[in-house]
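*Asks:* following is a predicted model, sequence given first.
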Amino acid sequence: MSDLKAAHRAALTGARRALPPETVAEASRTIVARVCEFRSFIESPAVLLYSATVGEVETEGIRAAAERRGTPVYYPRPVPGNRDLEFVRVRPGELLRSGTWGIGEPFGNDRFPRGATGVLILPGLGFDRTGTRLGRGGGHYDRAIRQYRPPVTVVGLAFALQIVSSLPRCEWDEAVNVIVTELEVVECVGGSTRQARVPAGSE
C-alpha cells in the first residue's frame, strides 16, 4: 500500500509541477469562483482555510470573499508534540507568518472549537471520485477531519489533472465531502459520487 501511494504521489506531484504559473493562476480563479457560489460556503458560520504553497490551488480569493461576508476565517497550525492541527482565526488584514515547512501560519490563539459548524477547505496531491484524498503522507488533515467532522463539511480543492480513477485508501484515510476543480464540482456521498457541471450554488 505504501509503495502504491508513493507511486501516485510521484506521478501527481510531477503533473502538478508541469503546470505553467499562468495556468495555475487562471484555474485557481475559476475554482475560487465555484467555491464562493457553493451553498455550504455561503451559509457557513466559519471557514477553515489553507495557505497555498507553490503549485497548489490559490486561496486568497476565498479568504477575501469570506471576510466581505463577515465570516470568520481560520488557518491551520501544527500542535507541538503530535500530528494534530489547530485552526486559529486570522482577522482581516492580518498576515500569516512563515511556519512549519515554510507554510503560512496564524499568530493568534482564537481557536476554532471542536463541535462547531464550518467548512474545511483543504488541498491534496490527488483525489478520486469517491472522495479519497492523497496527501503528503503526514496524516495531519486526516486527523483534523476526524476531530472536526461532523458537523464540519470537508471540501478538497484540486486541478482537474489531480482527479484520478482510483486511489488506495487505508482505514485511517479520511475522504472529503466535495471536490472542486476548474471543470466541475464532485459531491462524494458514501463512496459514490454525483457530478455537477452546473454552478455550485444551485446544488
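*Replies:* Nice, I can see it.

*Asks:* run through the bridge partners of the spatially most central residue of the chain.
*Replies:* For the chain, Leu122 is the residue whose C-alpha lies nearest the centre (C-alpha atoms, centre = their mean; 1.3 Å). Using DSSP bridges, the bridge partners assigned to Leu122 are Gly156.

*Asks:* over to the one 5 residues further on?
*Replies:* Per DSSP bridges, residues listed as beta-bridge partners of Phe127: Arg133, Ile163.

*Asks:* surely it and Phe159 touch.
*Replies:* No: checked against C-beta atoms under 8 Å, the pair Phe127 and Phe159 is beyond contact range at 10.4 Å. For every residue, glycine as well, the C-beta is placed using N, CA and C.

*Asks:* of those two, who's got more company?
*Replies:* Phe127 (24 against 21; other C-beta atoms under 10 Å).

*Asks:* next one, pLDDT for the more buried one please.
*Replies:* pLDDT, Phe127: 93.

*Asks:* do the same with Val198
*Replies:* 35.

*Asks:* repeat for Ser165
*Replies:* 80.

*Asks:* contact partners for the closest residue to it other than its chain neighbours?
*Replies:* In space, and not counting its chain neighbours, Ser165 is closest to Asp128: 6.5 Å by C-beta to C-beta, 6 or more residues apart in numbering. By C-beta atoms under 8 Å, 6 or more residues apart in numbering, the residues touching Asp128 are Ile163, Val164, Ser165, Ser166, Leu167.

*Asks:* now for Gly70, how many residues are close by?
*Replies:* 7.

*Asks:* distance of it from Gly108?
*Replies:* 18 Å (C-beta to C-beta, to the nearest Å).

*Asks:* ok, now Arg129?
*Replies:* In terms of C-beta to C-beta, Arg129 sits 37 Å off from Gly108.

*Asks:* low pLDDT regions in the chain?
*Replies:* In the predicted model, the chain carries pLDDT under 70 at residues 1-2, 137, 189-203.

*Asks:* now the strands for this structure?
*Replies:* 47-48, 73-78, 85-90, 97-98, 104-105, 119-122, 126-128, 133-134, 153-157, 163-164, 178-180, 185-189, 192-196 (DSSP state E).
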